[in-house]
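Chemist: Next comes the sequence, and after it the predicted model I'd like to discuss.
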Amino acid sequence: MSKKKSSLNSFGGLVYSTDPGFKLEETENNDQETLAPAKQKLRILLDKKQRAGKMVTLIEGFTGTQTDMEELGKKLKSFCGTGGSVKDGEILVQGDNRNKVLQWLQKNGYSAAKKI
């Protein structure tokens, strides 16, 4: 069922058109090229807003493709031994793992700043 849903989304929700001259517009891929780790300016925050009082380590400021961001999120979650997600241009790691995330990012050449 998810396969059918994703195929409809590729047409922008269009199901049927009565216009005989209709042509589907090509969508542009707006993913930015991923910057080198040393040029990334990441910010590490602790967030509790709209999360039922649960703390989340939030990593903002990643510049690059969605797949690279998801890969970085996966590595960070694995290092911290917790869950999390990647959405809306942010990486979420469950719990207060600011120090661990900062340590991993600096070890791997990223420029990161921890905000209190």
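Modeler: Good, I have the coordinates.

Chemist: can we go C-alpha only for contacts and neighbour counts from here?
Modeler: Will do.

Chemist: Show the contacting residues for the residue lying closest to V93 once chain neighbours are set aside.
Modeler: Counting by C-alpha to C-alpha, 6 or more residues apart in numbering, the nearest residue to V93 once its immediate chain neighbours are dropped is G84, at 4.4 Å. If a contact means C-alpha atoms under 8 Å, 6 or more residues apart in numbering, then G84 has K77, I91, L92, V93, Q94 as its contacts.

Chemist: separation between G84 and A113?
Modeler: Separation of G84 from A113 (C-alpha to C-alpha, to the nearest Å): 20 Å.

Chemist: Could you do L92 as well?
Modeler: Relative to A113, L92 is positioned 16 Å away (criterion: C-alpha to C-alpha).

Chemist: how about the helices of this protein, start to end?
Modeler: 2-9, 66-80, 98-107 (DSSP state H).

Chemist: returning to that earlier point: ok, the contacts of G84 vs I59, which is closest?
Modeler: When these are compared for distance to I59, the smallest value, 5.1 Å, is given by I91; criterion: C-alpha to C-alpha.

Chemist: Next one, pLDDT for the closest one please.
Modeler: What the model reports for I91 is a pLDDT of 95.

Chemist: Give the bridge partners for it, please.
Modeler: I91 forms beta bridges with I59, V86, as assigned by DSSP bridges.

Chemist: wait, it sits on V56?
Modeler: No. At 9.7 Å, I91 does not count as touching V56 under the criterion of C-alpha atoms under 8 Å.

Chemist: Looking at those two, which one has more neighbours?
Modeler: I91 (25 against 21; other C-alpha atoms under 10 Å).
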